[in-house]
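Novice: Structure for the following, please:
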Amino acid sequence: VGMSARDLSVTIGSLTMPNPLIAASGCFGYGLEYADLVDLSTLGGVASKGLFLAERQGHKPERIAETPSGMLNAIGLQGIGVHRFIAEKLPELRARGARNVVNICGTTLDEYVEVARILSDAEGVDAIEINISCPNIKEGGIQFGCSLDGTFSVVSAVRKVTSLPIIPKLTPNVTSPASFARAAEDAGADAISLVNTFLAM
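Specialist: Residues are numbered from 1 along each chain as shown. Modelled structure (predicted):
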């Protein structure tokens with residue numbers, strides 16, 4: 001007697017994924033690095049490394065240190081920038097059937113908006129993850145993610161320029177993460193991503 005497969009599909013705004021497994025931003029590169037090991041089309045989605053308007057070098061090595069309590073990292077959001085991602089990565093991701101949740105970064109509100117606008121016009125982008133939570137750079141990102149008004153402002157500004165599902169990636173390094181989730185929801189987020197890097201104690 002055959003058993004029917006259980007339906008694990010998840011819908012976030014206009015995006016329907018066959019299952020809730022999304023390869024995390026930063027941990028899975030741009031997705032293509034693992035494409036010979038994992039059939040990307042079988043994942044619910046692939047969240048890209050964070051993208052600014054321009055390429056970013058990130059911090060100088062050493063960036064990772066193992067401790068008895070876990071791993072410390074300070075990558076500094078190294079990335080190829082939105083234009084190279086669209087030209088070099090997105091066509092192959094599309095060809096492999098990946099559902100692409102593209103992580104966007106910014107040092108200013110205007111940069112978040114512009115990156116989101118550019119991606120909204122690109123074929124093969126299924127959702128936008130808004131990185132307002134990286135503690136390892138001094139400018140942008142975390143400044144918005146640690147302020148309720150900042151979180152609301154970024155999410156609402158991105159919402160105005162895209163019809164794609166938007167998923168703010170929140171920081172755990174605040175007193176009340178739930179209040180930030182509510183601010184994101186009130187600003188038009190379709191879901192939230194919990195959470196980015198915990199600060200070392």
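
Novice: For the closest residue to N196 other than its chain neighbours, give its distance to G45.
Specialist: Ranked by Cβ to Cβ, 6 or more residues apart in numbering and with sequence neighbours excluded, the top spatial neighbour of N196 is S133, at 3.6 Å. Quick note: C-beta positions are derived from backbone N, CA and C, even for glycine. Relative to G45, S133 is positioned 18 Å away (Cβ to Cβ, to the nearest Å).

Novice: Then T107?
Specialist: 26 Å.

Novice: I'd like to know which elements the top helix by length along the chain is packed against.
Specialist: Among the elements of the chain assigned as helix by DSSP state H, the one spanning the most residues is helix 148-161. If contacts are counted by 3 or more Cβ pairs under 8 Å, 6 or more residues apart in numbering; DSSP states H and E, helix 148-161 sits against helix 109-120, strand 125-131, helix 142-145, strand 166-169, helix 177-186.

Novice: cutoff 6 Å now
Specialist: Contact partners of helix 148-161 among helices and strands, from 3 or more Cβ pairs under 6 Å, 6 or more residues apart in numbering; DSSP states H and E: helix 109-120, helix 177-186.

Novice: now the protein, which segments are flagged as low pLDDT?
Specialist: Applying pLDDT under 70 to the predicted model, the residue ranges of the chain that meet it are 1-4, 76, 134-143, 201.

Novice: okay, the angle between the longest helix of the chain and helix 109-120?
Specialist: In terms of direction (axes from the mean of the first three to the mean of the last three Cα atoms, to 10 degrees), helix 148-161 departs from helix 109-120 by 30 degrees.

Novice: what's in contact with helix 148-161?
Specialist: Applying Cβ atoms under 6 Å, 6 or more residues apart in numbering, the set of residues contacting helix 148-161 from outside is 109, 112-113, 116-117, 130, 132, 144, 166, 168, 180, 183-184, 187-189.
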